[in-house]
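A.B. asks: Next input, structure requested:
(one chain, ligands or ions: 1)
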Amino acid sequence: MLNTSIFAKIINTINKKIDLIKNSSLIEKNLKISKKIYNSASSNKTISSAFTVLLLTASVLPTVYAGSLTGETSGVTKVFNVYFDNEYIGTVKNKDFAKRIINEKLKENQEQNENYNFTVANDIKIVSENVFTPVYNEKQVKEKIGKAIEVKVVTYNIIVDGKSIVHLTSEEEAHQALEEIKSKFVSSKTLEQASQMKKANVKKLQVGESRVVDVAFYEEIAIEKAEAPASDVKSVNDATSILIKGTKRPVPYSVVDGDSLGTIAEKFNLRTRDLLTLNPGITENTLLQIGQKLNVSAVKPFVNVIVKKEEVRKVSVPYATQYKSDPTIFKGTTKVIQEGIDGEKIVDYAIIVVNNKTKSIKAVSQDVTKQSTPKIIARGTKEVPSRGTGNLAWPASGGYVSSKMGYRWGRFHKGIDIAGPSSLNIKAADNGTVTFAGWDGNYGNKVVINHNNGMKTVYAHLSSISVYDGQVVQRGQSIGIMGSTGDSTGTHLHFEVYKNGSVVNPMLEL
Ligand SMILES: [Zn+2]
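C.D. replies: Predicted coordinates for the structure are as follows:
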């Protein structure tokens with residue numbers, strides 16, 4: 001025969017195991033699913049995510065198993081073992097003993113502050129047991145619960161991108177805080193209009209009109225039921241300002257010209273020491289490079305409000321410029337054949353504004369109401385001949401010969417001087433290639449043109465030169481301005497002509 005007390009222990013062990021299994025299935029039943037995603041003015045969708053608060057789990061006594069093993073139930077007393085945060089704290093006579101202590105504690109808190117919904121954060125389990133000799137320690141249970149119990153407030157937590165930011169007392173208040181933030185950027189009327197946008201068939205916008213189509217948060221925002229100490233619970237106003245103001249958080253910074261660690265620290269209201277802590281790779285002796293990326297910390301809002309707008313505008317379509325080759329015009333010269341006229345189009349824009357700052361403007365559709373007319377320009381393709389005609393043109397705009405070729409003051413004058421023209425433009429006497437363009441002592445500013453037919457002309461004393469060495473010029477083309485540079489006694493053109501290397505009298509060639 002088995003000793004009765006040993007027998008009872010075996011039964012109790014089995015009973016406890018069964019109880020714990022049953023309790024765990026109860027825990028699963030207690031899982032509550034409720035997480036609301038707070039997305040935009042127009043769509044509130046619900047997604048599933050599990051969170052649970054287990055308060056009390058009543059135990060179920062497995063008398064059937066106990067009976068079949070022992071064959072008898074008489075002489076056995078049912079007691080209740082109390083587990084506080086999974087630690088056994090004592091045994092009580094009444095199943096509801098622990099519950100009553102907790103309820104009292106909750107009532108006490110509730111009376112002190114009616115605005116909150118209190119709850120107990122601890123995990124309390126009651127597990128029944130059949131024993132032959134019950135031992136109770138209710139005083140101990142009461143003391144332990146009273147000491148260790150954590151009373152919290154049921155809150156609605158605003159979660160931004162997965163991070164808990166602020167607790168409010170109700171879901172309504174959490175929504176209210178979020179709406180409050182939006183209303184700092186758009187009027188409540190606009191907000192209302194935006195929420196209607198997707199429901200009804202909205203009328204098409206006219207030119208010059210614009211409207212808000214959506215107001216949303218840049219971040220993913222959720223409202224979750226949670227528990228928190230009463231001191232963490234904020235009012236709608238406080239929650240709103242916490243979410244808008246944000247906190248000091250690390251942000252990237254790109255070094256600009258003139259920056260030093262000191263000036264950057266000052267810019268962000270930091271101490272140089274803080275800046276070095278934020279940037280482990282940097283010391284006070286580091287030479288900063290323009291464009292170098294640093295971490296600074298700045299106050300950044302927790303939430304950013306995106307306002308999506310639609311706008312219809314009439315815009316001009318700039319005309320295109322087309323070029324056409326024209327063999328009748330010399331290469332390097334152009335002529336406008338047709339002036340361009342701008343067209344017009346009506347464009348639908350999608351505009352994104354974040355915290356009152358326009359971030360992007362995109363054309364969604366457009367309707368051209370007036371075609372533009374292209375500007376057409378003829379581009380000359382005719383080659384400029386570099387070979388002279390042999391027939392020299394007068395190299396100035398009129399004027400007279402002020403000095404002929406020949407001996408003068410005991411010196412041979414190698415050309416003619418032309419003075420008193422109607423304009424100071426000096427012209428190439430024939431087609432050719434410029435072989436000299438620049439300063440030449442007594443000649444002052446000088447141009448020499450080789451006509452590639454055995455002839456060469458020289459132009460001297462120019463005040464300025466408009467051709468360059470190697471340039472092909474045309475007969476009559478302007479090559480510079482008449483002046484008095486070099487050895488000269490007044491504004492005039494000194495003009496020389498060479499034929500097969502010998503100087504000739506220009507008067508005979510003109
Ligand atoms: Zn001269």
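A.B. asks: what ranges do the helices span in the stretch 1-150 of the chain?
C.D. replies: According to DSSP state H, counting those that start in this stretch, the stretch 1-150 of the chain carries its helices in the segments 4-29, 63-70, 97-112, 138-148.
A.B. asks: For the closest residue to E310 other than its chain neighbours, give me the backbone phi and psi.
C.D. replies: Leaving aside its sequence neighbours, E310 sits nearest to V213 (Cβ to Cβ, 6 or more residues apart in numbering; 5.2 Å). For the C-beta atoms, the positions are set from N, CA and C on the backbone; glycine is no exception. Dihedral pair for V213: phi -100, psi -20, per degrees, to the nearest 10.
A.B. asks: and the residue in the stretch 351-500 of the chain positioned nearest to the ion, what is it in contact with?
C.D. replies: Distances between the stretch 351-500 of the chain and the ion by Cβ to the ion are smallest at H494, namely 3.4 Å. Counting by Cβ atoms under 8 Å, 6 or more residues apart in numbering, H494 touches G415, I416, D417, Y443, V458, Y459, A460, H461, S488.
A.B. asks: Kindly indicate the member of those with the most neighbours.
C.D. replies: Most neighbours among these, by other Cβ atoms under 10 Å: Y459, with 30 neighbours.
A.B. asks: Chain neighbours aside, what residue packs nearest to that residue?
C.D. replies: In space, Y459 is closest to V447, 4.5 Å off (Cβ to Cβ, 6+ apart).
A.B. asks: domains of the chain?
C.D. replies: Taking automatic domain parsing as the criterion, the chain consists of the domains 4-149, 308-382, 396-509.
A.B. asks: How about the residues of the stretch 51-200 of the chain by the ion?
C.D. replies: Within reach of the ion by Cβ under 5 Å from the ion, the stretch 51-200 of the chain has no residues at all.
A.B. asks: what residues are up against K267?
C.D. replies: V296.
A.B. asks: Could you list the residues of the stretch 301-450 of the chain in contact with the ion?
C.D. replies: D417.
A.B. asks: low-confidence ranges in the stretch 301-450 of the chain?
C.D. replies: Scanning the stretch 301-450 of the chain for pLDDT under 70 picks out nothing.
A.B. asks: Quick one, grab the pLDDT at the closest residue in space to V233 that isn't next to it in sequence.
C.D. replies: The spatial neighbour of V233 that comes closest, neighbours along the chain excluded (Cβ to Cβ, 6+ apart), is H167 at 5.0 Å. As predicted, H167 sits at a pLDDT of 96.
A.B. asks: correct me, but H167 touches A230?
C.D. replies: No - counting by Cβ atoms under 8 Å, H167 stays clear of A230, with 9.6 Å between them.
A.B. asks: Can you flag which of the contacts of H494 belong to helices?
C.D. replies: Nothing among these maps onto helices, per DSSP state H.
A.B. asks: Dead centre of this protein: give me the residue that sits there.
C.D. replies: Residue closest to the mean C-alpha point of the chain, counted by Cα atoms, centre = their mean, is K359 at 7.0 Å.
A.B. asks: residues contacting the residue nearest to E310?
C.D. replies: V213 is in contact with A194, M197, K308, K309, E310, counting by Cβ under 8 Å, 6+ apart.
A.B. asks: change it to 6 Å
C.D. replies: M197, K308, E310 (Cβ atoms under 6 Å, 6 or more residues apart in numbering).
A.B. asks: Grab the nearest non-local neighbour of the second one.
C.D. replies: So the one you mean is K308. Spatial nearest neighbour of K308, excluding adjacent residues (Cβ to Cβ, 6+ apart): D214 at 4.2 Å.
A.B. asks: Could you report the pLDDT at that neighbour?
C.D. replies: 91.
A.B. asks: three-state assignment of it?
C.D. replies: The local conformation at D214, judged by DSSP: H, G, I helix; E, B strand; the rest coil, is strand.
A.B. asks: since we're on it, how many residues are nearby?
C.D. replies: Count around D214 with other Cβ under 10 Å applied: 18.
A.B. asks: Quick check: the gap between it and L191.
C.D. replies: 10 Å (Cβ to Cβ, to the nearest Å).
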